[in-house]
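Asker: pasting the sequence and the predicted model now:
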Amino acid sequence: MQLHDLKPNEGSKKNRKRVGRGMSSGHGKTSGRGTKGQNSRSGGGVRLYHEGGNLPFYRKLPFLRGEGFTPRNRVRYAEVNLDSLQDFKAGGEVTPETLKEAGLLKGKGLPVKIMGRGEIKVALKIKAHKVTEGARQKIEEAGGSIETIEIS
């Protein structure tokens, strides 16, 4: 393959619509804008969030004083599912440090929460900040133990 052989993928390049270039082009005279009305004029159209005279949605909402819908003191967790703990040896200890070494933690310095997706067949000693009820049952059925760590 040479540089002159390179071509863009089929359909990735599209010719722009040339409007106002005569009636035979199919986009002449009104240039695809229709006749009269707000959207046919230059600079026409309505602002964002305009709802045609209805009370706009953002004005129906209560005043949230910049907080948005998320609580200020919400705790975010790095979530780890049971199916990703299969690689640990039986009787092994699973801590936030060992999870980080295994490359299972995505968040930086976030507390760890063990989720219940998947099955676990080996007995593990798990130390995490939070464990879902389904995950707790599966771990204990497999003969493992859970210790919760305080969030610092």
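Answerer: Ah, there it is. Numbering: from 1, shown residues only.

Asker: can you pull the phi and psi angles for residue 85?
Answerer: Per-residue torsions, residue 85: phi -90, psi 0 (degrees, to the nearest 10).

Asker: what of residue 126?
Answerer: phi -110, psi 130.

Asker: so what's it closest to, chain neighbours aside?
Answerer: residue 94 (4.6 Å; C-beta to C-beta, 6 or more residues apart in numbering). Yep, even glycine has a C-beta here, placed from its N, CA and C like the rest.

Asker: list the contacts for that neighbour?
Answerer: 85, 88, 124, 125, 126, 127, 128 (C-beta atoms under 8 Å, 6 or more residues apart in numbering).

Asker: closest to residue 104 out of these?
Answerer: Nearest to residue 104 among those is residue 85, at 8.1 Å by C-beta to C-beta.

Asker: residue 134 should be in a helix, yeah?
Answerer: Yes: counting by DSSP: H, G, I helix; E, B strand; the rest coil, residue 134 is found in a helix.

Asker: surely it and residue 116 touch.
Answerer: Yes: the pair residue 134 and residue 116 passes the contact test of C-beta atoms under 8 Å, sitting 3.2 Å apart.

Asker: out of those two, which sits in the busier spot?
Answerer: More crowded of residue 134 and residue 116, by other C-beta atoms under 10 Å: residue 116, with 18 against 13.

Asker: how about the contacts made by the more buried one?
Answerer: 81, 82, 132, 133, 134, 135, 137, 138.
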